[in-house]
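[1] pasting the structure only:
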């Protein structure tokens, strides 16, 4: 079953977050201790005991949520979670997803989001900005009222969360004017527990400061080992170089959560696990697709209920070969289709790119139909064909390496390793 993991953003924090998990699971305690050491402050104590006002401060809330999400994800990995197909995080949660996908190390990310929180809070005086959620109205209808009130220059759509849930962000007085009008029209508005108008043009000073921080030498960005969907583009991050720019844009642009969930549905996600305090995203997802199997992981009882669904079963090793080959072939085809061609010789392109791409596409179709032949195309074959085609496209070596790391993230994880070694040709040193 295809699994996705999601991570909530600011506003989901609660005093006591991760406390019960830390009391039961050593991996959670170790992660929170690592966070304290990285920041040089007792973050875990603030998460456990508050006070709520101090925890809600953006500069504290953002590293706290990142620490909680990473701790829960590590716990699920420890208990057997494997073969995650994709991830997404809502606003701040996108940073958590990038850490869990190994695009950035945990200590560096903690310090980064602490600075991000400081930049966002300093962008404008406290109380001058406001965000509110509007329920029961589609985005077009909300935008029409904003335009009618001539507020489009100061109010933006911050989050498009569901077909009938949007969050607006802007100056406090203007948001209150909008809320009053919407109340007259029968809409339901909920002011959010945030301290500034995030995801709006009012965060431009923060975006400038964040850009410099995102591109600092301290941060060593890597290609995601699991697809992480960008809030800005609603598409997976494809290379390390583009991540900082998209995160800079995220702070002043709309979070396209509804579109990301539609992408999950298109790629066949069947199970979604939320890693973070509470179940704010799970509640939101219930209205999107009632067929999805949804799980929270913020309490020991929830983790134990989830455990049977993520622990490797006796037949998983043999059964995982199909899933892994489908994933690997899908990544290979996607990589070759989406990578620009810099080779001007059409004959080279046809023989070295088009032909292997057709072979990989045919193999992908066969595996998806349950007719794959592990003796005709091995893991090393797929990797070698992809490497050769990328080289034929005349890409710089660094880009080739980044794309191969993305491909390798679809290679067999521990639950399926022995199955592949039994059924496919050994991976040569070149293919490792």
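    Looks like it arrived, so ask away. Remember, it's a predicted structure, so these values are computed and weren't measured experimentally.
[2] what about residue 184, how many residues close to it?
    8 (other CB atoms under 10 Å). Placement of C-beta: from N, CA and C, glycine included.
[3] quick check: it vs residue 346, distance?
    For residue 184, the distance to residue 346 equals 63 Å [CB to CB, to the nearest Å].
[4] over to residue 403?
    Distance from residue 403 to residue 346, by CB to CB: 22 Å.
[5] for these two, indicate the residue with more neighbours.
    Set residue 403 next to residue 346 and count neighbours by other CB under 10 Å: residue 403 wins out with 24 against 9.
[6] show me the shaky parts of this protein.
    Scanning the chain for pLDDT under 70 picks out 1, 312-324, 373-376, 409-432.
[7] tell me the secondary structure for the spatially most central residue of it?
    Nearest to the geometric centre of the chain sits residue 88, at 2.5 Å (CA atoms, centre = their mean). With DSSP: H, G, I helix; E, B strand; the rest coil as the basis, residue 88 sits in strand.
[8] and it, how close does it get to residue 98?
    Distance of residue 88 to residue 98, given as CB to CB: 11 Å.
[9] now the nearest residue to residue 361 once chain neighbours are set aside, what's its secondary structure?
    Closest residue to residue 361 apart from its sequence neighbours, by CB to CB, 6 or more residues apart in numbering: residue 333 at 5.6 Å. Using three-state DSSP, the structure places residue 333 in helix.
[10] hmm, residue 333 is touching residue 362, no?
    No - the criterion here is CB atoms under 8 Å, and residue 333 misses it with residue 362 at 10.1 Å.
[11] of these two, which one has the most company?
    Using other CB under 10 Å as the criterion, residue 333 and residue 362 rank with residue 333 on top: 19 against 12.
[12] pull the contacting residues for that one.
    Counting by CB atoms under 8 Å, 6 or more residues apart in numbering, residue 333 touches 357, 360, 361, 364.
[13] same thing with residue 236?
    Taking CB under 8 Å, 6+ apart, one finds 86, 224, 227, 228, 229, 230 in contact with residue 236.
[14] 6 Å - rerun?
    Residues counted as contacts of residue 236 (CB atoms under 6 Å, 6 or more residues apart in numbering) are 227, 229.
[15] hey, what's it bridged with?
    Listed beta-bridge partners, residue 236: residue 229 (assigned using DSSP bridges).
[16] how far away is it from residue 267?
    10 Å.
[17] equivalent analysis for residue 329, please.
    Applying CB to CB to residue 329 and residue 267 gives a distance of 14 Å.
[18] how near is the residue of the chain most remote from its centre to residue 339?
    The outermost residue of the chain, judged against the average C-alpha position, is residue 347 (39.2 Å), by CA atoms, centre = their mean. Separation of residue 347 from residue 339 (CB to CB) stands at 19 Å.
[19] same question for residue 364.
    In terms of CB to CB, residue 364 sits 17 Å off from residue 339.
[20] likewise residue 17?
    Residue 17 sits at a distance of 41 Å from residue 339 (criterion: CB to CB).
[21] the more surrounded of the two?
    residue 17 (25 against 19).
[22] nearest spatial neighbour of residue 403, chain-adjacent residues omitted?
    Nearest one to residue 403, counting by CB to CB, 6+ apart, is residue 335 at 5.3 Å.
[23] what about that neighbour, distance to residue 93?
    26 Å.
[24] go on, residue 175?
    23 Å.
[25] in terms of neighbours, single out the busier of these two.
    residue 93 (27 against 22).
[26] which residue packs closest to the more buried one, ignoring adjacent ones?
    Nearest to residue 93 is residue 7, by CB to CB, 6+ apart, at 3.5 Å.
[27] quick check: bridge partners of the one you found?
    Going by DSSP bridges, residue 7 is paired in beta bridges with residue 89.
[28] pretty sure it is touching residue 96, no?
    Yes - Residue 7 lies in contact with residue 96 (CB atoms under 6 Å); the separation is 4.0 Å.
[29] shared neighbours of these two, anything?
    Joint contacts of residue 7 and residue 96 (CB under 6 Å, 6+ apart) are 69, 89.
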